[in-house]
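Student: fold the stuff below for me.
(one chain, ligands or ions: 1)
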Amino acid sequence: MPTQQAATAALDSPQLPGLTTRLADALLGDDSRQRLTLALLGLAALVTATVVLLLLYAARIGAADVQQVGVLTVLYFVFIGGFYGLIRSGLNRHCADPTLAMPQTLIAQSLIGASYAVTGPVHGATLIMLSLVMVFGMFSLRPASVRIACVYTVTLMGMVMVWCVQHQPLHYPARQEVFNFALTAIVMLAISQLSGQLSDMRTRLKTQKIALEQALAHIKEMAARDELTGLPNRRRMMTLLQEHATRHARGGPRFFVCIIDLDHFKSINDTYGHAAGDAVLRAFATQAQVVLRTTDMIGRWGGEEFLLLLTETPPGDPTLGVARLRERLAELPASPALYDLRVRFSAGFARYEDGEPIDQAIERADRALYAAKSAGRNRSVVL
Ligand SMILES: Nc1nc2c(ncn2[C@@H]2O[C@H](COP(=O)(O)OP(=O)(O)OP(=O)(O)O)[C@@H](O)[C@H]2O)c(=O)[nH]1
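Tutor: As a prediction, the model looks like this:
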């Protein structure tokens, strides 16, 4: 029987993470920003729990008044519970700073100040808590707010210490309080100084992150573009073709693959030079972008070859756009420098067939191009 129980427990165990997740969702909600705000409150709750333990200890050894400890403990619970309610209800979203870091910090410091006044001989321990609250605050508050909270803390503690020296001189001797005050002031000064440096560091990191993201976007863009013409390169066109094939398989539009090859381009290079040839390629790319439909995509396939991806729009003669381009090029100079020269080209079209590998359609377009060249160039052939 115990073995059976163990087996049942083992079967149940995979459900445990699910249970934990559900519990965390119920406690913290599923909004990641709100969860972060609640995590900050969790830190405040941790400090609170430590101070409450100190208060209970002080009451137990007779160093603190039980009634005062009771009131403060309730206030700590109200503090944490109240903020938890504000955040879980989403009311904090209406505040200028939805993290509520500033009010949390000021209330926590006020409660710790009060705890300092009631913990008699063990009051020194609460000073550490003041610093801890400010250290947490440094990560969620702006430097100006940290400075305000530090000034508030020093002023508050100054008043609390004067009151304690006057009303409980036995446990709060003046000399010790002067020392405690100086210590508090120095620590708060250091924290507000550090907070400025932390903020500078954060700003630097943010700037570097933006610069890195921009550089990455630029590198990605460069990796997808042909340097000479600015058109998408072969790699990019292959990705686009694959994407279109996948989209078509899911019910998207059919498309045509067209390979364009400039006629007798070698003779342009040989006659006018390689730089002039480059200018002709650039001019061709510009005109193609102007004349073709915006839904058609053209990229440089390599050398003097270009690949066109045409989305089928019924009634479909896929060669119409290319014919327009041919007419346009017949009217325009091959490049600004080659005024009398006209560019001609041959084009091979292949209709993408259901489920075929994209390479197969490209190969058909290549064969169609070969047929266009063989038939005398300056024409389109569809296969
Ligand atoms: N200027 C320039 N020339 C290039 C570039 N890439 C390839 N070429 C040239 O393009 C020419 C292509 O020559 P061929 O393959 O014989 O083709 P073609 O002269 O156009 O002849 P057909 O295609 O048969 O009409 C070669 O001279 C290559 O050097 C480039 O980026 N710039």
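
Student: what does the stretch 201-350 of the chain put close to the ligand?
Tutor: Applying CB under 6 Å from any ligand atom, we find that the stretch 201-350 of the chain lies next to the ligand at 228, 261-266, 269, 274, 277-278, 281, 303-304. For every residue, glycine as well, the C-beta is placed using N, CA and C.

Student: and the strands in this structure, which stretches?
Tutor: Per DSSP state E, the chain carries strands over the ranges 255-262, 297-302, 305-311, 345-351, 380-382.

Student: contacting residues around the longest one?
Tutor: It refers to strand 255-262. For strand 255-262, contacts defined as CB atoms under 8 Å, 6 or more residues apart in numbering pick out 241, 244, 248, 280-281, 284, 288, 301, 304-312, 318, 322, 343-352, 358, 361-362, 364-366, 368-369, 373, 380.

Student: filter the residues you listed down to the buried ones and hand me the PyMOL line.
Tutor: A single PyMOL command suffices to select whichever of the contacts of strand 255-262 are buried according to 16 or more other CB atoms under 10 Å:
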select buried, resi 241+244+248+280+281+284+288+301+304+305+306+307+308+309+310+311+318+322+343+345+346+347+348+349+350+351+352+358+361+362+364+365+366+368+369+373+380
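
Student: give me the low-pLDDT residue ranges for this structure?
Tutor: Scanning the chain for pLDDT under 70 picks out 1-17, 313-316.

Student: for the ligand, what is the nearest residue in the protein?
Tutor: Of all residues in the chain, Gly277 sits closest to the ligand, at 2.6 Å by CB to the nearest ligand atom.

Student: need the contact list for that residue.
Tutor: 265, 268-269.

Student: repeat that for 6 Å
Tutor: If you count contacts by CB atoms under 6 Å, 6 or more residues apart in numbering, Gly277 has them with 268-269.

Student: who's Ala347 bridged to?
Tutor: Bridge pairing for Ala347 (DSSP bridges) gives the partners Ile260, Ser380.

Student: you'd agree it is up against Gly321?
Tutor: No. Judged on CB atoms under 6 Å, Ala347 makes no contact with Gly321 at a distance of 10.1 Å.

Student: which residues do these two both contact?
Tutor: Counting by CB under 6 Å, 6+ apart, nothing touches both Ala347 and Gly321.

Student: so how far is stretch 121-130 off the chain centroid?
Tutor: Stretch 121-130 sits 41 Å away from the centroid of its parent chain (CA atoms, centre = their mean, to the nearest Å).

Student: with stretch 163-179 instead?
Tutor: 52 Å.

Student: stretch 58-72 now?
Tutor: 49 Å.

Student: outside of that stretch, which residues touch it?
Tutor: For stretch 58-72, contacts defined as CB under 6 Å, 6+ apart pick out 55, 114-115, 118-122.

Student: ok, now stretch 223-232?
Tutor: Counting by CB under 6 Å, 6+ apart, 233, 236, 278, 281-282, 285, 299-300 sit against stretch 223-232.

Student: list only buried entries from the residues you listed.
Tutor: When the contacts of stretch 223-232 are checked for burial by 16+ other CB under 10 Å, the buried set is 233, 236, 281-282, 285, 299-300.

Student: which among the residues of the stretch 201-350 of the chain next to the ligand end up buried?
Tutor: For these, buried by 16+ other CB under 10 Å: 261-263, 265, 269, 277, 281, 304.

Student: and the closest residue to Trp301 other than its chain neighbours, what does it touch?
Tutor: Using CB to CB, 6 or more residues apart in numbering and skipping the chain neighbours, the partner closest in space to Trp301 is Leu307 (4.2 Å). Contacts of Leu307 were listed using CB under 6 Å, 6+ apart, and they are 237, 259, 299, 301.

Student: the third one and Thr239 touch, don't they?
Tutor: No. Taking contact to mean CB under 6 Å, the distance of 10.0 Å between Gly299 and Thr239 leaves them out of contact.

Student: in the stretch 51-200 of the chain, which spans are helices?
Tutor: Here the stretch 51-200 of the chain has its helices, by DSSP state H, counting those that start in this stretch, at 66-89, 101-118, 124-140, 143-167, 174-224.

Student: which PyMOL command selects the buried ones in the contacts of stretch 58-72?
Tutor: Buried subset of the contacts of stretch 58-72, written as a PyMOL selection, criterion 16+ other CB under 10 Å:
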select buried, resi 55+114+115+118+119+120
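
Student: would JSON lines of the contacts of stretch 58-72 with distance to the ligand be doable?
Tutor: Below are the contacts of stretch 58-72 laid out as JSON lines (distance: CB to the nearest ligand atom, whole Å):
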{"residue": "Leu55", "distance to the ligand": "80"}
{"residue": "Ala114", "distance to the ligand": "79"}
{"residue": "Ser115", "distance to the ligand": "78"}
{"residue": "Val118", "distance to the ligand": "84"}
{"residue": "Thr119", "distance to the ligand": "82"}
{"residue": "Gly120", "distance to the ligand": "87"}
{"residue": "Pro121", "distance to the ligand": "87"}
{"residue": "Val122", "distance to the ligand": "82"}
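
Student: and the contacts of stretch 58-72, which two are the farthest apart?
Tutor: Ala114 and Pro121 (16.8 Å; CB to CB).

Student: so what are the domain limits for this structure?
Tutor: 24-215, 234-382 (automatic domain parsing).

Student: redo the ones you listed as JSON lines? Include distance to Ala224.
Tutor: Shown next, in JSON lines, are the domains of the chain (distance: least, CB to CB, whole Å):
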{"stretch": "domain 24-215", "distance to Ala224": "15"}
{"stretch": "domain 234-382", "distance to Ala224": "4"}
